[in-house]
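> only the shape, not the letters, is given here:
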């Protein structure tokens, strides 16, 4: 079954600290992996997209990594800011299913001053 | 600047009373999607339009219908809302259905069923 699992479910960090979110997937065949940020009460916004051959991709203070062999990805947030408080969703595109998106359950991040 | 607009942002309806949610886009994208997202859960795809071609997900209840009168607009009709249909409804668009075509989401409409 094609699944995307994220950990932790939630975390609290102090402003200025770093954190890393994890994503494991079983989606096959794999096309690409995206990280989305979803603020409370808003729609998800794409942060990064990585294909099979890409190991790392940065977007400002967000850095995503991908290990397609172990089917794992991470999202690292550097020097967190209060505005980073949101849910971060790992989304994998299934090449065989009409490029349908498989969503993870998300990690809810709360940045405290 | 808003690219995917959803109206209203909050909708309250009564059990069994039909309701329509609206989505419009300024991106001129071919594809428009409707997702249902319940609290603390991942978005669940209900259906999508590729141009005028409607594509329903196999497990989407018949209670949910959609219309796309033109490229810019797409509507979600819930014919007889039940308490279990209370959720955030997200509209998204993409240029095409290729693997690298990013989906752009609207802000969502939160539906409450009384």
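The structure has been received and is ready for your questions. If you're wondering where the values come from, they're calculated on a predicted model, not measured in any experiment. Numbers count the residues shown, from 1 in each chain, chains lettered A, B, ... in the order given.

> rest of the way, CA atoms for contacts and neighbours
Noted.

> neighbouring contacts of stretch B:58-75?
For stretch B:58-75, the external contacting residues (Cα atoms under 8 Å, 6 or more residues apart in numbering or on different chains) are B:20-26, B:28-30, B:32, B:46-47, B:49, B:51-52, B:76-81.

> kindly apply the preceding question to stretch B:85-100 instead.
With contact meaning Cα under 8 Å, 6+ apart, stretch B:85-100 is reached by A:31-32, A:43, A:93, A:95, A:98-99, B:4, B:6, B:23, B:25, B:28-39, B:43, B:50, B:101-113.

> just the buried ones from those residues, in ChimeraX syntax?
A single ChimeraX command is used to select the members of these judged buried by 16 or more other Cα atoms under 10 Å in any protein chain shown:
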select /A:31,32,43,93,95,99 /B:4,6,23,25,29,30,31,32,33,34,35,36,37,38,43,50,102,103,104,105,106,107,108,109,110,111,112,113
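
> which ones among the contacts of stretch B:85-100 map onto strands?
Judged by DSSP state E, these include A:31-32, A:93, B:4, B:6, B:23, B:25, B:31-37, B:50, B:104-105, B:109-113 as members of strands.

> list the buried residues for stretch A:11-31?
Neighbour counts using 16+ other Cα under 10 Å place A:13, A:15, A:19, A:21, A:22, A:23, A:24, A:25, A:27, A:28, A:30, A:31 of stretch A:11-31 among the buried residues.

> which of those residues come close to chain B?
residue A:31 (Cα under 8 Å from any Cα of the partner chain).

> picking that back up, could I have the PyMOL command that selects the buried members from the contacts of stretch B:58-75?
Selection of buried members from the contacts of stretch B:58-75 for PyMOL, criterion 16+ other Cα under 10 Å:
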select buried, chain B and resi 21+22+23+24+25+29+30+32+46+47+49+76+77+78+81
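
> for residue A:100, grab the count of nearby residues.
17 (other Cα atoms under 10 Å in any protein chain shown).

> tally of neighbours for residue B:69?
Neighbour count of residue B:69, defined by other Cα under 10 Å: 10.

> which element is it on?
Per DSSP states H and E: residue B:69 is located in neither a helix nor a strand.

> which element follows the helix or strand of chain A with the lowest mean pLDDT toward the C-terminus?
Taking mean pLDDT, DSSP states H and E as the measure, chain A has strand A:100-103 as its least confident helix or strand, at a mean of 89. Sequence-wise, the next helix or strand beyond strand A:100-103 is strand A:107-112, with elements assigned using DSSP H and E.

> in that next one, which residues are buried?
Burial within strand A:107-112, assessed by neighbour count using 16+ other Cα under 10 Å, is assigned to A:107, A:108, A:109, A:110, A:111.

> what's the spacing between the last one and residue A:25?
Here residue A:111 is placed at a distance of 26 Å from residue A:25 (Cα to Cα, to the nearest Å).

> same deal with the third one?
For residue A:109, the distance to residue A:25 under the criterion Cα to Cα works out to 20 Å.

> same check on the second one?
Taking Cα to Cα as the criterion, residue A:108 is separated from residue A:25 by 18 Å.

> thanks a lot, catch you later.
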